[in-house]
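Undergrad: This is the structure alone, sequence omitted:
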């Protein structure tokens, strides 16, 4: 199992990349004063409000509020998770991402890079066969019969595996080492007697790509009748079918914004829909929709539509997808179900009703909530009291999987109405906390006074110091002994001291690197929000040093007062040294 990426490597990575280069390669930036600006890539606007600070290595949109570091930008812009973004950023500057294993003494495995290169060579070989092999006309006729253009075939890298036992073996298996690699990635099969031969023969070849566009596997579609109709690569060190989706990389390449993703069953369905300019279809790889699939889908878009056959098998697959989706259903995530007419698949349906007709069916797909309660309702007669009780028992194990939030609340509301129950009682049955009931207001005479507005919004000294460090990390060098502050009994003090220690040890860290250091901690989201707020305030850079020095001085003064109070509470038992310390504190404190 891959280990954790060391924090030291992430610190180094963020320090070595320039956020301006990362963003400008994807969204052209213009220099404006000390910053760079562009129209925001995350919402539609005509006047640039997207600002990139090279000094802070941080971006912020004053229109929609999007903000973050170079890593955060890659995650949002290219729909990557954290590890994927780290790997892509590292690859861009020629770094290999290290891992921390459970056993530090365990030897690291060989690099997978030769396997990726071999799969790319295999894809190129199959594409060449579609153009040059004497048997190619059968494959070309098949693709034309399916209505595919050369442009779409090229966009998906479609190729042809000629009939025969050793075409790929002869082309790429120059020596035993290469043959061993071809065996490792599933392109060859080895018989009991040691002889090896091509896995894919006389098939249309669909390369399967990962999130970075690397070929990791193949799907082969037979040209004539025979079994299996589709043959997929086996599980390999670089391919796990329960995590990958065919066509997802191609969808990201074709669309800047992906409003929804349509999950279909086969490679040809994805490609045929693309031929009709429906470029947001993806397919699972001969397996049911898994939790990993769903997490990847929802990282890419907020709306997922399952497209299944209307028969029993299709509805069983839909229900398995629903069960896996429930733990991920929170506000902002939408899941719909589209069932095809009997005898139709996406390929045949889009040809019969056209793009507009097909997309109209997609937009009319049944929401998860409706599909769920429809299926549950078929098993219980809610016109009767015992039927409503059965409905609650049927729904309870499913709804208990929903994460806390608005979506769960609304689903419970719906069940409560169907069962004629109070929602709070239903919540308690599911093991959750019911919403607190209102308590009588305190009498006016004992109600605590509300602090003035200015006092309520004034940040604490610790928060101010952290905010200033985010603005200019070099300010940490002004604090000679950060551990002095560790004795303060104030919220946020441990984080402030840790930041000061880190910055004194690594003075080169930028705002972006500082934020990434805490991304995966509980404090991370608060630091990102604070960095965003301070960027909005546009504090005067020239005053930061004086402001930070004053803040630290006030913190030290508060520490002395705190120490004096501690000594006063046990004044009768102080040592001579502590009495002298107390006298000095009394003279020094105001």
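TA: Cool, the structure landed. Keep in mind that this is a model prediction, so the values were computed, not measured.
Undergrad: drop to CA atoms for contacts and neighbour counts, all remaining ones
TA: OK.
Undergrad: Enumerate the positions of stretch 152-163 that are buried.
TA: Within stretch 152-163, the residues that count as buried by 16 or more other Cα atoms under 10 Å are 152, 153, 156, 157, 158, 159, 160, 161, 162.
Undergrad: meant to ask about stretch 22-33
TA: Buried residues in stretch 22-33, counted by 16+ other Cα under 10 Å: 22, 23, 24, 27, 29.
Undergrad: And those, which two are furthest apart?
TA: 22 and 29 (10.6 Å; Cα to Cα).
Undergrad: where's residue 282, which helix or strand?
TA: Assigned by DSSP states H and E, residue 282 falls within strand 281-283.
Undergrad: what's the average pLDDT for that strand?
TA: When pLDDT is averaged over strand 281-283, the result is 96.
Undergrad: Quick one: list the elements packing against it.
TA: Contacts defined by 3 or more Cα pairs under 8 Å, 6 or more residues apart in numbering; DSSP states H and E place strand 281-283 against helix 248-254, strand 261-264, helix 267-275.
Undergrad: mean pLDDT lowest for which of the ones you listed?
TA: Minimum mean pLDDT among those: helix 248-254, a mean of 91.
Undergrad: Give me the helices and strands touching it, please.
TA: Secondary elements touching helix 248-254 (3+ Cα pairs under 8 Å, 6+ apart): strand 281-283.
Undergrad: Now whatever helix or strand comes next after the strand it packs on: buried residues?
TA: Where DSSP H and E defines the elements, the next helix or strand beyond strand 281-283 is helix 291-300. Under the neighbour-count criterion of 16+ other Cα under 10 Å, helix 291-300 has 291, 293, 294, 296, 297, 298, 299, 300 buried.
Undergrad: Do me a favour and get the end-to-end distance for stretch 197-213?
TA: Using Cα to Cα, to the nearest Å, one end of stretch 197-213 lies 27 Å from the other.
Undergrad: going forward, begin numbering at 757 instead of 1
TA: Okay, residue one is now 757; in that scheme the one you just asked about reads as stretch 953-969.
Undergrad: what about it, average pLDDT?
TA: For stretch 953-969, mean pLDDT is 92.
Undergrad: What of stretch 1263-1273?
TA: 84.
Undergrad: Please list the outside residues in contact with stretch 845-854.
TA: Residues from elsewhere that reach stretch 845-854 (Cα atoms under 8 Å, 6 or more residues apart in numbering): 761, 762, 765, 769, 773, 827, 842, 843.
Undergrad: so which pair among the buried residues of helix 1047-1056 is furthest apart in space?
TA: It's 1047 and 1056 that sit farthest apart of these, by Cα to Cα, at 14.4 Å.
Undergrad: returning to that earlier point: take the helices and strands packed on strand 1037-1039 and write them to CSV, including mean neighbour count and distance to residue 1269.
TA: What follows is the helices and strands packed on strand 1037-1039, written out as CSV (neighbours: other Cα atoms under 10 Å; distance: least, Cα to Cα, whole Å):
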stretch, mean neighbour count, distance to residue 1269
helix 1004-1010, 19, 28
strand 1017-1020, 22, 33
helix 1023-1031, 23, 40
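Undergrad: nearest to residue 1264, of the ones you listed?
TA: Comparing the helices and strands packed on strand 1037-1039 by Cα to Cα, helix 1004-1010 comes nearest, at 35.2 Å.
Undergrad: ok, residues contacting the closest one?
TA: Contacts of helix 1004-1010 (Cα under 8 Å, 6+ apart): 834, 911-912, 965-969, 1014, 1035-1038.
Undergrad: Can you go through those residues and name the buried ones?
TA: Looks like these have 834, 912, 965, 966, 967, 1014, 1035, 1036, 1037, 1038 buried, using 16+ other Cα under 10 Å.
Undergrad: just these now: which is nearest residue 1333?
TA: Checking those one by one against residue 1333 (Cα to Cα), the nearest turns out to be residue 834, at 62.2 Å.
Undergrad: which residues sit in contact with that closest one?
TA: 1008, 1056.
Undergrad: Could you pull out the strands in the stretch 1107-1256 of the chain for me?
TA: Assigned by DSSP state E, counting those that start in this stretch, the stretch 1107-1256 of the chain shows strands spanning 1122-1123.
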